[in-house]
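# Kindly return the folded structure for what I paste below:
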Amino acid sequence: MPDNTPYYFQVLPIHPRPEPLESMSSYLIRLAENNYLTTIPELSRLVFPNQDAKITGRIADYPPMQFEFLSEAAFCPKNKLLTTTFHHVSKKFGRSTHPQAVSRFLSGMVSDHFRYCPRCIIEKGYYSLEWRFNLVTSCPEHGCLLLDCCEQCGNPIPFLGQILKIGICSKCNFNFGLSTSEEVSQHAQTISVHKAKQYEFLLTPQTFEKNAPEIMYQVGIYLSTLRKKQGITRIEMAKLIGVSRTIVEGIEVGEGEHVGSLVAYASYIGYFGLGFHEIFQEATNSNLVKSKKPVYKEELISKVEETIQRLQKSRKAVNWRKIARLSRISEKTLRARPIIRQMIYEAKQQEYQDQKRQLLLAIENLILEGKSITIASVARSLGFKRGRIEHNLEFLDLICKAKSNQSISRI
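Numbers count the residues shown, from 1 in each chain. Model prediction:
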(Lines give C-alpha, C1' and ligand atoms only; values in the text may rest on other atoms or scores of the structure.)
Protein backbone atom coordinates (compact mmCIF):
# COMPACT_ATOMS: atom_id res chain seq x y z
CA MET A 1 0.00 0.00 0.00
CA PRO A 2 1.56 3.34 -1.05
CA ASP A 3 2.48 5.84 1.61
CA ASN A 4 0.66 9.11 0.86
CA THR A 5 2.16 11.01 3.81
CA PRO A 6 3.68 14.29 2.53
CA TYR A 7 7.45 14.75 2.87
CA TYR A 8 8.59 17.24 5.47
CA PHE A 9 9.72 19.78 2.83
CA GLN A 10 6.23 19.79 1.29
CA VAL A 11 4.56 20.81 4.56
CA LEU A 12 4.64 24.36 5.90
CA PRO A 13 6.11 24.58 9.43
CA ILE A 14 2.89 26.00 10.88
CA HIS A 15 -0.42 24.70 9.57
CA PRO A 16 -3.50 26.10 11.34
CA ARG A 17 -6.82 24.38 10.74
CA PRO A 18 -9.65 26.22 8.94
CA GLU A 19 -12.14 27.68 11.40
CA PRO A 20 -15.90 26.96 11.10
CA LEU A 21 -17.29 28.80 8.04
CA GLU A 22 -13.92 30.45 7.38
CA SER A 23 -13.42 31.52 3.77
CA MET A 24 -10.67 30.13 1.54
CA SER A 25 -9.13 33.58 1.09
CA SER A 26 -9.05 34.06 4.86
CA TYR A 27 -7.43 30.67 5.39
CA LEU A 28 -4.74 31.37 2.77
CA ILE A 29 -3.95 34.71 4.43
CA ARG A 30 -3.64 33.06 7.86
CA LEU A 31 -1.49 30.28 6.38
CA ALA A 32 0.83 32.87 4.83
CA GLU A 33 0.89 35.06 7.92
CA ASN A 34 1.72 32.13 10.24
CA ASN A 35 4.56 31.01 7.97
CA TYR A 36 6.01 34.47 7.27
CA LEU A 37 5.05 34.47 3.60
CA THR A 38 4.62 38.12 2.67
CA THR A 39 3.62 38.07 -1.01
CA ILE A 40 1.07 36.27 -3.18
CA PRO A 41 3.80 34.82 -5.50
CA GLU A 42 5.54 33.26 -2.47
CA LEU A 43 2.29 31.73 -1.27
CA SER A 44 1.28 30.60 -4.76
CA ARG A 45 4.57 28.78 -5.38
CA LEU A 46 3.96 26.61 -2.32
CA VAL A 47 0.23 25.91 -2.41
CA PHE A 48 -0.61 26.28 -6.14
CA PRO A 49 2.74 25.62 -7.91
CA ASN A 50 1.09 24.78 -11.24
CA GLN A 51 -0.90 28.00 -11.27
CA ASP A 52 0.09 31.54 -12.22
CA ALA A 53 0.39 33.79 -9.16
CA LYS A 54 -2.01 36.26 -10.82
CA ILE A 55 -4.73 33.59 -10.80
CA THR A 56 -4.01 32.86 -7.14
CA GLY A 57 -4.38 36.58 -6.44
CA ARG A 58 -7.88 36.49 -7.93
CA ILE A 59 -9.13 33.66 -5.70
CA ALA A 60 -12.67 34.51 -4.61
CA ASP A 61 -13.58 31.47 -2.45
CA TYR A 62 -14.68 29.30 -5.37
CA PRO A 63 -13.23 25.76 -5.21
CA PRO A 64 -9.77 25.73 -6.87
CA MET A 65 -9.10 23.28 -9.69
CA GLN A 66 -6.33 21.58 -7.69
CA PHE A 67 -6.16 21.02 -3.95
CA GLU A 68 -3.32 18.52 -3.78
CA PHE A 69 -0.42 20.88 -3.04
CA LEU A 70 -2.46 23.08 -0.71
CA SER A 71 -3.61 19.99 1.18
CA GLU A 72 -0.02 18.80 1.53
CA ALA A 73 1.43 22.18 2.43
CA ALA A 74 -1.25 22.89 5.05
CA PHE A 75 -1.35 19.26 6.20
CA CYS A 76 -5.13 19.53 5.92
CA PRO A 77 -7.48 17.04 4.19
CA LYS A 78 -9.21 18.13 1.00
CA ASN A 79 -12.72 17.65 2.43
CA LYS A 80 -11.90 20.13 5.17
CA LEU A 81 -10.51 22.66 2.69
CA LEU A 82 -13.64 22.34 0.55
CA THR A 83 -15.70 23.73 3.42
CA THR A 84 -13.84 27.05 3.01
CA THR A 85 -15.34 27.43 -0.50
CA PHE A 86 -18.79 27.46 -2.11
CA HIS A 87 -18.32 23.80 -3.09
CA HIS A 88 -21.16 22.42 -0.95
CA VAL A 89 -23.63 25.05 -2.16
CA SER A 90 -23.22 23.79 -5.72
CA LYS A 91 -23.22 20.13 -4.64
CA LYS A 92 -26.62 20.45 -2.97
CA PHE A 93 -28.15 21.64 -6.24
CA GLY A 94 -26.42 18.98 -8.33
CA ARG A 95 -24.32 21.62 -10.05
CA SER A 96 -20.79 21.47 -11.40
CA THR A 97 -18.14 22.39 -8.81
CA HIS A 98 -15.79 23.83 -11.45
CA PRO A 99 -14.86 27.36 -10.23
CA GLN A 100 -16.33 29.12 -13.26
CA ALA A 101 -19.56 27.11 -13.07
CA VAL A 102 -19.90 27.88 -9.35
CA SER A 103 -19.28 31.56 -10.04
CA ARG A 104 -22.08 31.62 -12.64
CA PHE A 105 -24.46 29.74 -10.35
CA LEU A 106 -23.88 32.23 -7.51
CA SER A 107 -23.89 35.33 -9.72
CA GLY A 108 -25.90 38.10 -8.11
CA MET A 109 -26.05 36.23 -4.81
CA VAL A 110 -22.55 36.90 -3.49
CA SER A 111 -20.50 40.08 -3.33
CA ASP A 112 -17.62 40.74 -5.72
CA HIS A 113 -15.38 42.06 -2.98
CA PHE A 114 -14.65 41.58 0.71
CA ARG A 115 -17.21 42.49 3.41
CA TYR A 116 -16.54 42.32 7.12
CA CYS A 117 -17.57 42.89 10.72
CA PRO A 118 -14.91 44.88 12.64
CA ARG A 119 -15.72 43.22 15.97
CA CYS A 120 -15.48 39.70 14.51
CA ILE A 121 -12.03 40.48 13.11
CA ILE A 122 -10.83 41.53 16.58
CA GLU A 123 -12.47 38.62 18.43
CA LYS A 124 -11.97 35.79 15.93
CA GLY A 125 -9.10 36.77 13.67
CA TYR A 126 -10.52 35.33 10.44
CA TYR A 127 -13.09 36.11 7.72
CA SER A 128 -16.44 34.32 7.49
CA LEU A 129 -17.72 32.89 4.20
CA GLU A 130 -21.23 33.96 5.27
CA TRP A 131 -20.21 37.59 4.81
CA ARG A 132 -20.03 37.02 1.06
CA PHE A 133 -23.82 36.66 0.68
CA ASN A 134 -25.40 39.98 -0.26
CA LEU A 135 -28.59 39.38 1.73
CA VAL A 136 -26.58 39.02 4.95
CA THR A 137 -26.37 42.77 5.60
CA SER A 138 -25.38 42.70 9.27
CA CYS A 139 -23.22 40.54 11.51
CA PRO A 140 -25.38 37.73 12.96
CA GLU A 141 -23.45 37.92 16.26
CA HIS A 142 -22.93 41.64 16.83
CA GLY A 143 -25.90 43.22 15.06
CA CYS A 144 -23.80 45.80 13.20
CA LEU A 145 -23.70 46.51 9.48
CA LEU A 146 -21.15 44.61 7.43
CA LEU A 147 -18.67 47.05 5.88
CA ASP A 148 -17.54 46.74 2.26
CA CYS A 149 -14.64 49.16 2.04
CA CYS A 150 -11.74 50.48 4.07
CA GLU A 151 -12.88 53.19 6.48
CA GLN A 152 -9.61 55.11 6.10
CA CYS A 153 -8.89 55.11 2.34
CA GLY A 154 -12.39 54.23 1.10
CA ASN A 155 -11.18 51.57 -1.33
CA PRO A 156 -13.05 48.28 -1.87
CA ILE A 157 -11.13 45.39 -0.33
CA PRO A 158 -9.80 42.50 -2.45
CA PHE A 159 -10.08 38.93 -1.13
CA LEU A 160 -6.32 38.48 -1.37
CA GLY A 161 -4.45 41.78 -1.14
CA GLN A 162 -0.78 42.65 -1.47
CA ILE A 163 -0.48 42.60 2.31
CA LEU A 164 -1.15 39.07 3.53
CA LYS A 165 -2.37 39.94 7.02
CA ILE A 166 -5.82 39.39 8.51
CA GLY A 167 -7.67 42.66 9.09
CA ILE A 168 -5.12 44.93 7.38
CA CYS A 169 -5.89 47.09 4.33
CA SER A 170 -3.53 46.41 1.41
CA LYS A 171 -3.77 50.02 0.27
CA CYS A 172 -3.17 52.02 3.46
CA ASN A 173 -2.34 49.50 6.24
CA PHE A 174 -5.44 50.47 8.20
CA ASN A 175 -6.61 47.97 10.81
CA PHE A 176 -10.19 46.94 9.94
CA GLY A 177 -10.81 46.08 13.58
CA LEU A 178 -10.71 49.82 14.35
CA SER A 179 -13.56 50.57 11.93
CA THR A 180 -16.87 51.86 13.25
CA SER A 181 -20.06 50.11 12.16
CA GLU A 182 -23.63 51.24 12.76
CA GLU A 183 -25.95 48.95 14.71
CA VAL A 184 -29.09 47.83 12.86
CA SER A 185 -32.68 47.66 14.11
CA GLN A 186 -33.96 44.52 15.82
CA HIS A 187 -36.19 43.75 12.85
CA ALA A 188 -33.33 44.08 10.34
CA GLN A 189 -31.11 41.94 12.55
CA THR A 190 -33.76 39.21 12.80
CA ILE A 191 -33.96 39.03 9.00
CA SER A 192 -30.18 38.99 8.62
CA VAL A 193 -29.78 36.22 11.21
CA HIS A 194 -32.42 34.13 9.43
CA LYS A 195 -30.63 34.59 6.10
CA ALA A 196 -27.27 33.73 7.66
CA LYS A 197 -28.67 30.47 9.04
CA GLN A 198 -29.96 29.54 5.59
CA TYR A 199 -26.55 30.15 4.02
CA GLU A 200 -24.80 28.34 6.85
CA PHE A 201 -26.94 25.32 5.96
CA LEU A 202 -25.96 25.61 2.27
CA LEU A 203 -22.25 25.94 3.10
CA THR A 204 -22.20 22.98 5.50
CA PRO A 205 -21.71 19.44 4.11
CA GLN A 206 -24.91 17.35 4.12
CA THR A 207 -25.24 13.60 3.53
CA PHE A 208 -27.98 14.05 0.90
CA GLU A 209 -25.56 15.83 -1.47
CA LYS A 210 -24.55 12.50 -3.04
CA ASN A 211 -28.19 12.08 -4.15
CA ALA A 212 -28.53 15.64 -5.46
CA PRO A 213 -30.31 14.76 -8.76
CA GLU A 214 -33.07 12.89 -6.92
CA ILE A 215 -33.30 15.59 -4.25
CA MET A 216 -33.60 18.36 -6.85
CA TYR A 217 -36.34 16.37 -8.57
CA GLN A 218 -38.23 16.27 -5.26
CA VAL A 219 -37.58 19.98 -4.69
CA GLY A 220 -39.15 20.63 -8.11
CA ILE A 221 -42.23 18.56 -7.25
CA TYR A 222 -42.68 20.38 -3.94
CA LEU A 223 -42.35 23.86 -5.45
CA SER A 224 -44.67 22.94 -8.33
CA THR A 225 -47.25 21.68 -5.80
CA LEU A 226 -47.06 24.95 -3.83
CA ARG A 227 -47.54 26.95 -7.00
CA LYS A 228 -50.54 24.93 -8.18
CA LYS A 229 -52.22 25.12 -4.75
CA GLN A 230 -52.27 28.90 -5.12
CA GLY A 231 -53.63 28.67 -8.66
CA ILE A 232 -50.55 30.26 -10.21
CA THR A 233 -49.49 29.29 -13.73
CA ARG A 234 -45.84 28.92 -14.70
CA ILE A 235 -46.01 32.09 -16.80
CA GLU A 236 -47.49 34.01 -13.85
CA MET A 237 -44.85 32.56 -11.50
CA ALA A 238 -42.09 33.65 -13.85
CA LYS A 239 -43.44 37.23 -13.84
CA LEU A 240 -43.86 37.26 -10.06
CA ILE A 241 -40.23 36.34 -9.37
CA GLY A 242 -38.67 38.09 -12.35
CA VAL A 243 -37.37 35.13 -14.36
CA SER A 244 -38.28 33.42 -17.63
CA ARG A 245 -40.83 30.63 -17.93
CA THR A 246 -38.00 28.31 -19.03
CA ILE A 247 -36.26 28.83 -15.69
CA VAL A 248 -39.45 28.06 -13.76
CA GLU A 249 -39.94 24.89 -15.81
CA GLY A 250 -36.31 23.87 -15.32
CA ILE A 251 -36.58 24.24 -11.55
CA GLU A 252 -39.85 22.30 -11.39
CA VAL A 253 -38.65 19.35 -13.45
CA GLY A 254 -35.49 19.06 -11.37
CA GLU A 255 -33.21 20.29 -14.13
CA GLY A 256 -32.43 23.70 -12.67
CA GLU A 257 -28.74 22.88 -13.04
CA HIS A 258 -29.15 23.93 -16.66
CA VAL A 259 -31.32 27.01 -16.35
CA GLY A 260 -31.69 28.13 -12.73
CA SER A 261 -29.17 30.19 -10.74
CA LEU A 262 -29.19 30.35 -6.95
CA VAL A 263 -30.92 33.74 -7.27
CA ALA A 264 -33.76 32.06 -9.22
CA TYR A 265 -34.16 29.34 -6.59
CA ALA A 266 -34.06 31.93 -3.78
CA SER A 267 -36.73 34.02 -5.52
CA TYR A 268 -39.01 31.02 -6.09
CA ILE A 269 -38.59 29.68 -2.56
CA GLY A 270 -38.81 33.14 -1.00
CA TYR A 271 -42.14 33.84 -2.72
CA PHE A 272 -43.71 31.20 -0.45
CA GLY A 273 -41.95 32.58 2.62
CA LEU A 274 -39.66 29.56 2.92
CA GLY A 275 -35.91 29.07 3.22
CA PHE A 276 -33.45 26.62 1.69
CA HIS A 277 -33.37 24.48 4.82
CA GLU A 278 -37.14 23.93 4.80
CA ILE A 279 -37.20 23.09 1.09
CA PHE A 280 -34.42 20.51 1.30
CA GLN A 281 -35.98 19.06 4.45
CA GLU A 282 -39.23 18.50 2.53
CA ALA A 283 -37.31 16.99 -0.39
CA THR A 284 -35.45 14.51 1.82
CA ASN A 285 -38.64 13.52 3.67
CA SER A 286 -39.36 9.89 2.79
CA ASN A 287 -43.11 10.54 3.01
CA LEU A 288 -43.04 12.99 0.13
CA VAL A 289 -45.35 11.61 -2.55
CA LYS A 290 -43.75 11.10 -5.95
CA SER A 291 -45.99 12.02 -8.86
CA LYS A 292 -44.06 9.79 -11.23
CA LYS A 293 -40.77 7.96 -11.62
CA PRO A 294 -38.08 10.65 -11.98
CA VAL A 295 -36.08 10.77 -15.18
CA TYR A 296 -32.53 11.83 -14.37
CA LYS A 297 -30.16 13.48 -16.79
CA GLU A 298 -28.01 10.41 -17.57
CA GLU A 299 -31.06 8.16 -18.06
CA LEU A 300 -32.79 10.77 -20.20
CA ILE A 301 -29.75 11.30 -22.44
CA SER A 302 -29.43 7.54 -22.90
CA LYS A 303 -33.10 7.21 -23.87
CA VAL A 304 -32.95 10.09 -26.35
CA GLU A 305 -29.74 8.75 -27.94
CA GLU A 306 -31.35 5.31 -28.33
CA THR A 307 -34.50 6.83 -29.85
CA ILE A 308 -32.55 8.95 -32.34
CA GLN A 309 -30.58 5.87 -33.44
CA ARG A 310 -33.84 3.92 -33.96
CA LEU A 311 -35.26 6.70 -36.12
CA GLN A 312 -32.04 6.97 -38.14
CA LYS A 313 -31.87 3.19 -38.73
CA SER A 314 -35.46 3.13 -39.97
CA ARG A 315 -34.78 6.25 -42.10
CA LYS A 316 -37.53 8.17 -40.36
CA ALA A 317 -37.42 11.90 -39.69
CA VAL A 318 -36.00 13.02 -36.36
CA ASN A 319 -38.46 15.38 -34.65
CA TRP A 320 -39.68 16.24 -31.16
CA ARG A 321 -43.03 14.47 -31.49
CA LYS A 322 -41.54 11.14 -32.54
CA ILE A 323 -38.76 11.25 -29.94
CA ALA A 324 -41.27 12.05 -27.17
CA ARG A 325 -43.61 9.23 -28.27
CA LEU A 326 -40.90 6.56 -28.69
CA SER A 327 -38.97 7.47 -25.51
CA ARG A 328 -42.19 7.89 -23.49
CA ILE A 329 -40.95 11.20 -22.12
CA SER A 330 -43.09 14.31 -22.50
CA GLU A 331 -42.02 16.81 -25.11
CA LYS A 332 -42.17 19.55 -22.47
CA THR A 333 -39.70 17.66 -20.27
CA LEU A 334 -37.37 17.15 -23.23
CA ARG A 335 -37.52 20.78 -24.35
CA ALA A 336 -36.73 22.01 -20.81
CA ARG A 337 -33.21 20.56 -21.04
CA PRO A 338 -30.63 22.45 -23.14
CA ILE A 339 -28.46 19.34 -23.52
CA ILE A 340 -31.39 17.47 -25.12
CA ARG A 341 -32.22 20.43 -27.37
CA GLN A 342 -28.61 20.41 -28.54
CA MET A 343 -28.67 16.62 -29.16
CA ILE A 344 -31.82 16.84 -31.28
CA TYR A 345 -30.55 19.88 -33.16
CA GLU A 346 -27.32 18.03 -34.04
CA ALA A 347 -29.27 14.90 -35.06
CA LYS A 348 -31.52 16.97 -37.34
CA GLN A 349 -28.48 18.70 -38.86
CA GLN A 350 -26.84 15.32 -39.49
CA GLU A 351 -30.10 14.00 -40.97
CA TYR A 352 -30.32 17.02 -43.26
CA GLN A 353 -26.76 16.61 -44.53
CA ASP A 354 -27.32 12.87 -45.08
CA GLN A 355 -30.51 13.55 -47.03
CA LYS A 356 -28.74 16.17 -49.12
CA ARG A 357 -25.99 13.66 -50.02
CA GLN A 358 -28.64 11.04 -50.87
CA LEU A 359 -30.52 13.53 -53.04
CA LEU A 360 -27.39 14.48 -55.00
CA LEU A 361 -26.57 10.79 -55.48
CA ALA A 362 -30.15 10.10 -56.67
CA ILE A 363 -29.91 12.94 -59.20
CA GLU A 364 -26.57 11.59 -60.43
CA ASN A 365 -28.04 8.09 -60.85
CA LEU A 366 -31.05 9.44 -62.78
CA ILE A 367 -28.69 11.26 -65.15
CA LEU A 368 -26.62 8.12 -65.68
CA GLU A 369 -29.78 6.10 -66.39
CA GLY A 370 -31.01 8.75 -68.84
CA LYS A 371 -34.18 9.35 -66.87
CA SER A 372 -35.91 12.71 -66.42
CA ILE A 373 -35.14 14.62 -63.24
CA THR A 374 -38.37 15.57 -61.52
CA ILE A 375 -39.52 15.90 -57.95
CA ALA A 376 -41.48 12.67 -58.32
CA SER A 377 -38.57 10.69 -59.82
CA VAL A 378 -36.12 11.90 -57.16
CA ALA A 379 -38.65 11.16 -54.39
CA ARG A 380 -39.22 7.61 -55.71
CA SER A 381 -35.47 7.03 -55.94
CA LEU A 382 -35.02 8.12 -52.32
CA GLY A 383 -38.14 6.39 -51.02
CA PHE A 384 -39.47 9.79 -49.84
CA LYS A 385 -42.90 11.31 -50.11
CA ARG A 386 -43.07 14.30 -52.49
CA GLY A 387 -43.93 16.61 -49.61
CA ARG A 388 -40.63 15.91 -47.90
CA ILE A 389 -38.85 17.47 -50.88
CA GLU A 390 -41.44 20.13 -51.75
CA HIS A 391 -41.14 21.67 -48.27
CA ASN A 392 -37.35 21.98 -48.56
CA LEU A 393 -36.32 25.02 -50.61
CA GLU A 394 -32.68 23.95 -50.96
CA PHE A 395 -33.68 20.49 -52.23
CA LEU A 396 -36.09 22.05 -54.73
CA ASP A 397 -33.34 24.40 -55.90
CA LEU A 398 -30.92 21.48 -56.43
CA ILE A 399 -33.52 19.54 -58.44
CA CYS A 400 -34.39 22.59 -60.57
CA LYS A 401 -30.73 23.26 -61.38
CA ALA A 402 -30.11 19.59 -62.25
CA LYS A 403 -33.26 19.54 -64.41
CA SER A 404 -32.17 22.72 -66.19
CA ASN A 405 -28.67 21.32 -66.83
CA GLN A 406 -30.22 18.09 -68.13
CA SER A 407 -32.41 20.02 -70.55
CA ILE A 408 -29.46 22.02 -71.84
CA SER A 409 -27.35 18.90 -72.38
CA ARG A 410 -30.14 17.32 -74.45
CA ILE A 411 -30.30 20.24 -76.87
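# hey, let's count contacts and neighbours off CA atoms from now on
Will do.
# which ones are touching the closest residue to residue 201 other than its chain neighbours?
What sits nearest to residue 201 in space, not counting adjacent residues and going by Cα to Cα, 6 or more residues apart in numbering, is residue 277, at 6.6 Å. Residues near residue 277 by Cα atoms under 8 Å, 6 or more residues apart in numbering: 198, 201-202.
# Just the buried residues of those.
198, 202 (16 or more other Cα atoms under 10 Å).
# okay, the contacts of residue 277 in JSON lines with pLDDT next?
Listed next are those as JSON lines, based on pLDDT from 0 to 100:
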{"residue": "198", "pLDDT": "94"}
{"residue": "201", "pLDDT": "96"}
{"residue": "202", "pLDDT": "96"}
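# Make a markdown table out of the contacts of residue 277 and add secondary structure and distance to residue 153.
Below are the contacts of residue 277 laid out as a markdown table (DSSP: H, G, I helix; E, B strand; the rest coil; distance: Cα to Cα, whole Å):
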| residue | secondary structure | distance to residue 153 |
| --- | --- | --- |
| 198 | helix | 33 |
| 201 | helix | 35 |
| 202 | helix | 34 |
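# can I get the contacts of residue 277 in TSV with distance to residue 189?
Listed next are the contacts of residue 277 as TSV, based on distance: Cα to Cα, whole Å:
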residue	distance to residue 189
198	14
201	18
202	20
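# circling back: the residue nearest to residue 201 is in what secondary structure piece?
helix 276-284 (DSSP states H and E).
# buried stuff in that helix?
Buried-residue list, helix 276-284, by 16+ other Cα under 10 Å: 276, 279-280, 283-284.
# Next, count neighbours for residue 240.
13 (other Cα atoms under 10 Å).
# err, residue 64, not the other one
Residue 64 has 19 neighbours, counted by other Cα under 10 Å.
# For this structure, which helix or strand comes out least confident on mean pLDDT?
Within the chain, no helix or strand scores below helix 256-259, which has a mean of 54 by mean pLDDT, DSSP states H and E.
# Give me the domain ranges for this structure.
Domain assignment for the chain by automatic domain parsing gives 1-205, 206-284, 297-410.
# Quick one: distance of the first one to the chain centre.
Read that as domain 1-205. Between the centre of domain 1-205 and the centre of its chain there are 21 Å (Cα atoms, centre = their mean, to the nearest Å).
# same thing with the second one?
If you compare the mean C-alpha spot of domain 206-284 with that of the full chain, they lie 15 Å apart, counting by Cα atoms, centre = their mean.
# Could you do the last one as well?
Computed by Cα atoms, centre = their mean, the chain-centroid distance of domain 297-410 equals 35 Å.
# average pLDDT for it?
Mean pLDDT, computed over domain 297-410, is 83.
# since we're on residue 324, how many residues are nearby?
By other Cα under 10 Å, neighbour count at residue 324 equals 18.
# Backbone torsions only: list them for residue 149.
The phi and psi values for residue 149, taken as degrees, to the nearest 10, are phi -150, psi 170.
# Distance of the closest residue to it other than its chain neighbours relative to residue 147?
Excluding its sequence neighbours, the residue lying closest to residue 149 (Cα to Cα, 6+ apart) is residue 156, at 4.3 Å. Separation of residue 156 from residue 147 (Cα to Cα, to the nearest Å): 10 Å.
# Between those two, which is the more surrounded one?
Between residue 156 and residue 147, counted using other Cα under 10 Å, residue 147 has the larger neighbour count: 23 against 17.
# Which residues does that one form beta bridges with?
On the basis of DSSP bridges, residue 147 is bridged to residue 116.
# looking at it, it is touching residue 117, isn't it?
Yes. Residue 147 sits in contact with residue 117 when judged by Cα atoms under 8 Å, with a separation of 6.5 Å.
# Mind listing the shared neighbours of those two?
residue 181.
# Would you state the helices of the stretch 101-250 of the chain in chain order?
Shown for the stretch 101-250 of the chain, the helices assigned by DSSP state H, counting those that start in this stretch span residues 118-124, 186-203, 212-229, 234-241, 245-252.
# now for these, which one comes closest to residue 387?
Relative to residue 387, the nearest member of the helices of the stretch 101-250 of the chain by Cα to Cα is helix 245-252, separated by 33.3 Å.
# before we move on, back to that, how about CSV for the helices of the stretch 101-250 of the chain, with distance to residue 402 added?
CSV is the format used below for the helices of the stretch 101-250 of the chain (distance: least, Cα to Cα, whole Å):
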stretch, distance to residue 402
helix 118-124, 80
helix 186-203, 65
helix 212-229, 54
helix 234-241, 50
helix 245-252, 45
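# Of those, which is nearest residue 69?
Per Cα to Cα, nearest to residue 69 of the helices of the stretch 101-250 of the chain: helix 186-203, 23.2 Å.
# Give me the angle between that closest one and helix 276-284.
40 degrees (axes from the mean of the first three to the mean of the last three Cα atoms, to 10 degrees).
# And the contacts of helix 186-203?
With Cα under 8 Å, 6+ apart, helix 186-203 has contacts from 21, 83, 85-89, 92, 130, 133, 135-140, 143, 275-277.
# If any of the residues you listed are buried, put those into a PyMOL selection.
Selection of buried members from the contacts of helix 186-203 for PyMOL, criterion 16+ other Cα under 10 Å:
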select buried, resi 21+83+85+86+87+88+89+92+130+133+135+136+137+138+139+140+143+275+276
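# tell me, how many neighbours does the residue lying closest to residue 106 once chain neighbours are set aside end up with?
Spatial nearest neighbour of residue 106, chain neighbours left out: residue 262 (5.7 Å); criterion: Cα to Cα, 6+ apart. Neighbour count for residue 262, taken as other Cα under 10 Å: 21.
# For residue 262, which residues are in contact?
105-107, 109.
# Repeat that for residue 161.
57, 169-170.
# Show the pLDDT at it.
88.
# Return the distance of it relative to residue 317.
For residue 161 relative to residue 317 (Cα to Cα), the value is 59 Å.
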